[in-house]
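Peer 1: structural data only, the sequence is not supplied:
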């Protein structure tokens with residue numbers, strides 16, 4: 001997995017669907033994340049959102065209770081367009097300006113490469129002098145050329 005630092009990314013807002021969960025809950029059979037993805041793909045969220053960069057799909061991890069072991073909110077959605085209203089039934093999240101460490105997966109089935117990447121990310125930060133801020137991390141999917149069996153996903157981790 002490749003990694004690089006992006007020194008400053010401006011703030012932006014997302015609109016989508018969300019669930020509150022923990023990594024411990026997701027490790028078991030009743031995890032909410034697979035159901036959230038299923039809901040996203042079965043809905044017409046993108047058609048409801050006035051979006052900037054509609055070809056970009058975000059999986060935002062935000063509202064961290066503490067760190068990687070605490071509760072967090074996952075929002076699947078798209079950048080909010082200028083002056084866009086929040087459609088009924090959807091939620092909005094603000095992603096603050098931040099410095100990010102970006103991890104890019106190797107190509108592969110997204111349901112395999114993304115969890116494997118998170119394992120590597122958690123291991124990296126256990127021994128790194130670079131620390132996470134837990135202000136908002138996200139997976140970025142470029143849907144224009146997205147192949148779920150050969151996915152390359154960028155994971156942005158907010159750091160100090």
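Peer 2: Received the coordinates, thanks. It should be emphasised that the depicted structure is a prediction, and the values quoted were computed from it without experimental measurement. Residues are numbered from 1 along each chain as shown.
Peer 1: who does the longest strand seen in the chain pair with, and is each partner parallel or antiparallel?
Peer 2: Criterion DSSP state E: the longest strand present in the chain is strand 12-21. The pairing partners recorded for strand 12-21 under DSSP bridges are strand 72-79 (antiparallel), strand 91-95 (antiparallel).
Peer 1: hey, which of those strands is tucked in deepest?
Peer 2: Counting by mean count of other Cβ atoms under 10 Å, strand 72-79 has the highest mean neighbour count of the strands paired with strand 12-21, with a mean of 22. (Each C-beta comes from the backbone N, C-alpha and C, glycine too.)
Peer 1: quick one: the strands in the protein?
Peer 2: 2-9, 12-21, 56-62, 72-79, 91-95, 98-104, 137-142, 154-159.
Peer 1: residue 41 is nearest to which of those strands?
Peer 2: Ranking those by their distance to residue 41 (criterion: Cβ to Cβ) puts strand 72-79 first, at 9.3 Å.
Peer 1: ok, back up a step: residue 58: which of the strands paired with strand 12-21 is closest?
Peer 2: strand 72-79 (6.0 Å).
Peer 1: hmm, who's touching that closest one?
Peer 2: With contacts defined as Cβ atoms under 8 Å, 6 or more residues apart in numbering, strand 72-79 is touched by 12-22, 32-33, 36-37, 40, 45-46, 49, 51-54, 56-65, 90-91, 93.
Peer 1: and residue 15, how many neighbours?
Peer 2: 25 (other Cβ atoms under 10 Å).
Peer 1: what's the spacing between the one helix or strand in the chain whose mean pLDDT sits lowest and its chain's center?
Peer 2: Least confident helix or strand, the chain: helix 45-48 with a mean of 86, by mean pLDDT, DSSP states H and E. With Cα atoms, centre = their mean, to the nearest Å as the basis, helix 45-48 stands 18 Å off its chain's centre.
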